[in-house]
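Novice: Structure for this input, please:
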Amino acid sequence: MRVITAIGEQGLSHPDGRQALLRPSFYAMTQLGTPERIVELFAELHRAPPLIQSMSFDTIGAREQAHRVNLQLIRRHWRDMLFLSWEVMTACSDDDLTPFIGEPGSRYGSYRLGPVNPEVMLALARSLMQHGVIGPLPKSKPEADAPKKQGTFTKKFDALPFVSKAIAHLGLSEGEAWNLTLTGFAAHWEAKFGENKQERYSEEHDSTMNWLEQVNKLRPPKR
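Specialist: Model (predicted):
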């Protein structure tokens, strides 16, 4: 199996020899929901773990209660990350990923784990969303040359304009365009139109990350 990690693809291997390819294409991103939901999911995947409550209590009972609360918060956080990671990974693959990452159980909130542990699933899901929604990280610039204007907050990711540009300006078919990742699209665009065109996508990256920071500040901690 050929995996092109430079454009955001990921590969999974099973002990029995089976393999699966994950590609965060424009089409895959649309399978995650509305343009607004895509950005919200990106923000959720990057939510920080819950803060651990202080254990400096006067009584043993109070310390035990704080310990139970901390365990509940941590378990809930990782359960949320597990389901979000599964959602992203399955949207990015045409293969059956159940042998690799398991699947949600029939009972509410239950999950049957696979060989890939939840921490790796989360790292893969974050990488897929990075290449599917944000694209390549902006190239470093001298501070004097950096844009002075502040990026506007973007609350949605709409893949259709990118697909339309790929068809109209890059000469791709509709199927080829929908199969592009945002990282791949940016590389093709820069190769054809020059490095100055990349600045637009750097600004879009900054805007999305600024929006993510704003959302995380406004969102109350989950309990």
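
Novice: Helices of this structure, start to end?
Specialist: Under the criterion DSSP state H, helices of the chain are mapped to 26-30, 35-45, 60-91, 98-101, 118-129, 160-170, 174-178, 182-193, 198-218.

Novice: Turn those into TSV, including distance to Tyr111, mean neighbour count and mean pLDDT.
Specialist: No exception for glycine: its C-beta is placed from N, CA and C like everyone else's. Below are the helices of the chain laid out as TSV (distance: least, Cβ to Cβ, whole Å; neighbours: other Cβ atoms under 10 Å; pLDDT from 0 to 100):
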stretch	distance to Tyr111	mean neighbour count	mean pLDDT
helix 26-30	22	22	97
helix 35-45	16	19	93
helix 60-91	6	16	82
helix 98-101	10	19	96
helix 118-129	9	19	96
helix 160-170	33	15	94
helix 174-178	30	15	96
helix 182-193	29	19	92
helix 198-218	25	16	56
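
Novice: quick one, which of these is nearest to Gly135?
Specialist: helix 182-193 (3.9 Å; Cβ to Cβ).

Novice: What helices and strands are in contact with the closest one?
Specialist: Secondary-structure packing of helix 182-193 (3 or more Cβ pairs under 8 Å, 6 or more residues apart in numbering; DSSP states H and E): helix 160-170, helix 198-218.

Novice: Run through the neighbouring helices and strands of the shortest one.
Specialist: If contacts are counted by 3+ Cβ pairs under 8 Å, 6+ apart, helix 160-170 sits against helix 174-178, helix 182-193.
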